[in-house]
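Asker: give me a 3D structure for the following:
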Amino acid sequence: MSVVRAAGGAPVRSVPDGIEVLVVHRPSYGDWTFPKGKCEPGESDEACALREVAEETGLECVLEDELPSTSYTDSRGRPKRVRYWRLRVVGGGLRFDHEVDGGRWVTPAEAEELLTYGRDLDVLRALA
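Answerer: Model (predicted):
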């Protein structure tokens with residue numbers, strides 16, 4: 001069985017006391033996570049990360065540092081690997097209409113409490 005390729009990112013913005021990261025809510029899963037999605041055939045992981053974040057949040061971003069990847073078994077029993085990047089917002093505006101019904105800019109400490117999956121914590125902690 002082949003591994004499902006996916007990519008996404010952690011949009012980050014500077015605030016006076018440090019940084020805030022954007023986490024999104026997906027109503028179909030009832031979870032809080034980072035924006036991400038499956039790669040299309042022939043699409044690079046990097047292009048997928050930028051496309052998925054734009055689709056799910058309305059934000060145009062650029063890639064910064066690569067963050068830890070996560071691996072798990074998806075809802076169909078397939079192995080899945082998600083690559084993540086720290087993202088800098090360069091345009092667009094928050095809107096949620098593609099698999100996501102909301103999002104929050106939160107401090108890393110708040111994100112640690114809000115994120116649904118333990119596997120997202122390694123991604124979060126690499127932002128510091």
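Asker: name the helix or strand for Leu121, please.
Answerer: Using DSSP states H and E, the element containing Leu121 is helix 119-125.
Asker: I meant to write His25 there.
Answerer: strand 18-26.
Asker: likewise Leu50?
Answerer: With DSSP H and E as the test, Leu50 turns up in helix 45-57.
Asker: state the mean pLDDT of that helix.
Answerer: Averaged across helix 45-57, the pLDDT comes to 97.
Asker: buried stuff in the following helix or strand past that helix?
Answerer: Using DSSP H and E, the helix or strand that follows helix 45-57 in sequence is strand 59-73. Under the neighbour-count criterion of 16 or more other C-beta atoms under 10 Å, strand 59-73 has Leu59, Cys61, Leu63, Leu67, Thr70 buried. For every residue, glycine as well, the C-beta is placed using N, CA and C.
Asker: poorly predicted segments of this structure, please.
Answerer: The chain contains no residues with pLDDT under 70.
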